[in-house]
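Undergrad: using only what follows, build the 3D model:
(chains A and B)
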Amino acid sequence: MLITRGLQPGMPPEEWNQTQPAKVKAVHAEYLKAGADVIATNTFGGTPARVKSFGLGEPAAQLNNKAIRLAVDAVDEFINARIRADEPEDPTASPMIALSLGPTGKMLPPVGGATEDDISREFEAQLAGIELSADLILIETFFDIRESLIALKEAKSVFPGPVAVTMTFNKNPRGFFTVMGNEACEMMKTLEDAGADMVGANCTLTSGDILTLASLLRASTDLPIICQPNAGQPSIRNDMPVYDQTPLEYADDMIRVLDVGVNAVGGCCGTTPEFIYEVFCRRRDRGIRSINTKEHS
Amino acid sequence: MREFLAECKNAVLDGDRERAVGLAVRAIDDGIEVLDVIEQGFAVGIREAGDRWEKGEYFLPELAFSAESMKAAMETLRPALIESGGKGRSKGTVVIGTVQGDIHDIGKMLVATMLAANGYEIVDLGADVAHDRFVSEVKNQQPDLLCMSALLTTTMMGQKTIIDMLSEAGIRNSVKVLIGGAPATETWASDIGADGYADNAVAAVHKADEILS
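TA: As a prediction, this is how the structure comes out:
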């Protein structure tokens, strides 16, 4: 979404919270208009290690607060417009804001040399002084359960609201595993035991594969489950990355995902507002929330 | 001898670095043909670790341990190998890095380690590598292969930019280009004019062997 608005290859999406706030807010507005009940902040790569590696001049927490403020403003403007239009359904019903947290990029042994303390400090600094105006924290796209648990612990220590954790799984001949070998259903239980309020899967998989995974996840935990797959596989058209699923195919699968008992669906890489709108239309009568994230994709 | 080679294979397969180095030292002390030890021992182990990864039996940690053990054994054997005239039998030089804006090191590191373990000379540029640095390193190092990783959809466009820059600099045809990273695909590779795509470190070795053969 930000690339189509001119974000250059190699530039961090989080920088736009500072340099192009209107464009970030416009993306939020598009998802709200498409019917999203939850929007995710542009903070996925907002840990100090990443912010610093990009040479951004601002402390991580400030950049993250700007991102939250943009989401809050977008929601306020959306509600005000609805009130002015006097829409028949409750015009004051407020969409929610999820503070998105992604992996630090630092690896624990044996793959990397980071310690658990290094990683704790990253999330601690990202969350230090953060405004608590988000409705939930969404820890997403994690692939090492140890890092997920650290992020969850840090989030819980500062944030009184619900914390969701979704990990990213690959499908292999033996089932669904993260690249580190963490098995999907076991991870749901581990996260539940550690105090997560919602669990689930996002990124990597297509909507079809997430449908297979969804019923396995449902059987593994009593917690609410979130599923946010990609819109298929990426390729390039006119110098822009595009994904190969259509909004209709995607929405069809996501309805089935809800039917197996998943509580919230949304989209990761490649799911433009058209995808969320299709899902919204199908789900309108059932009153189940949809989530969209990854506005930088 | 067969038993010794099996031990070498298993040390790598189990990801036991100390055991692998110990066996490499023993091979040199006992005057065993170094090439045999590599090709019929340690390398068999790293290939089997790769097979297990593809079957979903091994994951990154296991593969990282195996690759590390292989690398350590190779480093121990290298002086003896050079002495015996083998000169490491390099299959080719590879310049590798993760593109600008992307600090993901893990997949790229593993590809580099697996390529090294399989006989390639590696020039690892690290992560978050500027586009023009890839171009200048291709000019300076004159590698057989350039490998670029991108883990984010926001950075994968960089792979295309770099290939275009190589063309503009008139050196695109002097090097084969292999791309990888979570969002990359075969279609993406052909769209942007790369020579190949690999979705994991083991596939990268197969692909490198194939396009350089």
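
Undergrad: just the strands from the chain, written as ranges.
TA: You didn't say which chain, so I picked chain A. Along chain A, counting by DSSP state E, strands occupy A:38-40, A:96-101, A:136-142, A:163-167, A:170-172, A:175-177, A:198-202, A:225-228, A:234-237, A:240-243, A:264-267, A:290-292.

Undergrad: that answer is for a different chain, and I need it for chain B
TA: Using DSSP E, strands in chain B cover B:93-98, B:121-124, B:145-149, B:176-180, B:196-197.

Undergrad: quick one, which of those strands is nearest to chain A?
TA: Closest of those to chain A is strand B:93-98, at 10.2 Å (criterion: C-beta to the nearest C-beta). Just so you know, the C-beta spots here come from the backbone N, C-alpha and C atoms, and that holds for glycine as well.

Undergrad: can you tell me the closest non-neighbouring residue to the residue nearest in space to the middle of chain B?
TA: Most central in chain B under C-alpha atoms, centre = their mean is B:Leu115, positioned 1.9 Å from the mean C-alpha point. With C-beta to C-beta, 6 or more residues apart in numbering or on different chains as the criterion, B:Leu115 has its nearest non-adjacent residue at 5.6 Å, and that residue is B:Val94.

Undergrad: quick one: the one you found and B:Gln141 touch, right?
TA: No - using C-beta atoms under 8 Å, B:Val94 is not in contact with B:Gln141, being 9.3 Å away.

Undergrad: quickly list what's touching both of the two.
TA: Counting by C-beta atoms under 8 Å, 6 or more residues apart in numbering or on different chains, the contacts common to B:Val94 and B:Gln141 are B:Val123.

Undergrad: more neighbours: these two, which one.
TA: Taking other C-beta atoms under 10 Å in any protein chain shown, B:Val94 and B:Gln141 do not tie; B:Val94 has more neighbours (27 against 16).

Undergrad: quick check: beta-bridge partners of that one?
TA: B:Ile122, B:Leu145 (DSSP bridges).

Undergrad: report the contact partners of it.
TA: The neighbourhood of B:Val94, defined by C-beta under 8 Å, 6+ apart, consists of B:112, B:115, B:120-123, B:143-147, B:208.

Undergrad: filter those residues down to the buried ones.
TA: B:112, B:115, B:120-122, B:143-147, B:208 (16 or more other C-beta atoms under 10 Å in any protein chain shown).

Undergrad: kindly reformat these as TSV containing pLDDT.
TA: What follows is the buried ones among the contacts of B:Val94, written out as TSV (pLDDT from 0 to 100):
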residue	pLDDT
B:Ala112	88
B:Leu115	88
B:Tyr120	90
B:Glu121	90
B:Ile122	92
B:Pro143	96
B:Asp144	96
B:Leu145	97
B:Leu146	97
B:Cys147	96
B:Ala208	95
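
Undergrad: okay, those in CSV with distance to A:Ala184 next?
TA: Formatted as CSV, the buried ones among the contacts of B:Val94 follow (distance: C-beta to C-beta, whole Å):
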residue, distance to A:Ala184
B:Ala112, 29
B:Leu115, 30
B:Tyr120, 34
B:Glu121, 39
B:Ile122, 34
B:Pro143, 39
B:Asp144, 39
B:Leu145, 35
B:Leu146, 35
B:Cys147, 30
B:Ala208, 32
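
Undergrad: farthest-apart pair in the residues you listed, please.
TA: Distances among the buried ones among the contacts of B:Val94 were taken as C-beta to C-beta; the most separated pair is B:Ala112 and B:Asp144, at 14.6 Å.

Undergrad: got the residues of chain A near chain B?
TA: Residues of chain A lying close to chain B by C-beta under 8 Å from any C-beta of the partner chain are A:2-3, A:7, A:9-13, A:49-50, A:53-54, A:105, A:107, A:110-112, A:172-175, A:177-181, A:204, A:233-236, A:239, A:241, A:269-270, A:296-297.
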